[in-house]
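Asker: Quick one, structure for this:
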Amino acid sequence: MNCFWVTRHLSAYLDNELSAEQQQQVQAHCATCPACTQKLQDLTAVSLLFQAAPAQPAPTGFAAGVMARIQTQPPLPWFRQPFMVGCAEAFAGAALVAIGLLSGSMLTSLAAPAQRQPLTIAGMPSETFDPLPVASLAHSYLQVTEVRP
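Answerer: Reported below is the predicted structural model:
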C-alpha cells in the first residue's frame with residue numbers, strides 16, 4: 001500500500017465504498033503515515049462541514065425546466081454522431097500517413113537519379129570497400145536510396 005493509492009481512495013474510504021480488506025489497508029497505512037493521516041483528517045473535516053450545512057431546495061420547477069430543455073434540443077446530425085466523428089478521425093489519420101509515405105517515396109525517387117554515380121569517399125570509389133553485410137542497416141539504407149549500383 002502506498003501514499004498515492006491511499007490518497008486516491010480516501011474519499012471512497014470515508015463513504016464506506018471500499019471492501020473490508022481495502023478499508024483495513026487504508027487504516028494500517030494511515031497508522032504509519034502522518035501525511036496520509038493529515039489528509040484523511042482534512043477530508044473528514046470537509047465532509048463534516050458539508051453534512052452540517054443546511055439543505056438548499058432547488059427552485060420550483062427547476063427539474064421540469066431542465067428536462068424540457070433536454071427534450072427540445074435537436075438531435076445531432078448524422079455526421080456529428082460520435083461513431084462518425086471517430087471514423088472521420090481515423091480516415092484523416094490514415095490519409096496523413098499515406099500522404100507522408102507517398103511524399104517520402106517521391107522525394108527519394110527524385111533524389112536517387114542524382115546520386116547514381118559511384119560514391120566517392122576521400123578520393124576512393126565506394127567499390128573499393130568490402131561489401132556490407134546484407135542484414136546491416138547501412139546495406140538497407142544504400143539499397144533504399146540506390147546509392148550503390
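Asker: give the contact list for His9.
Answerer: Leu18, Gln22, Val26 (Cβ atoms under 8 Å, 6 or more residues apart in numbering). Every residue, glycine included, has its C-beta placed from N, CA and C.
Asker: want to try CSV for those residues, with neighbour count, secondary structure and distance to Met67 as columns?
Answerer: What follows is those, written out as CSV (neighbours: other Cβ atoms under 10 Å; DSSP: H, G, I helix; E, B strand; the rest coil; distance: Cβ to Cβ, whole Å):
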residue, neighbour count, secondary structure, distance to Met67
Leu18, 16, coil, 35
Gln22, 16, helix, 38
Val26, 20, helix, 39
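Asker: Can you report how many residues lie near Tyr13?
Answerer: By the criterion of other Cβ atoms under 10 Å, Tyr13 has 19 neighbours.
Asker: Next, find the distance separating it from Phe50.
Answerer: Note on Tyr13: its distance to Phe50, by Cβ to Cβ, to the nearest Å, is 16 Å.
Asker: Could you measure from Leu101 over to Ala95?
Answerer: From Leu101 to Ala95 the distance is 11 Å (Cβ to Cβ).
Asker: What of Ser105?
Answerer: 16 Å.
Asker: and this protein, what are its domains?
Answerer: Domain assignment of the chain by automatic domain parsing yields the ranges 3-52, 79-111, 117-149.
Asker: Lowest mean pLDDT across these, which one is that?
Answerer: Note on these: domain 117-149 shows the lowest mean pLDDT, a mean of 64.
Asker: longest helix in this protein, by residue count?
Answerer: helix 82-111 (DSSP state H).
Asker: What helices and strands are in contact with that one?
Answerer: helix 137-145 (3 or more Cβ pairs under 8 Å, 6 or more residues apart in numbering; DSSP states H and E).
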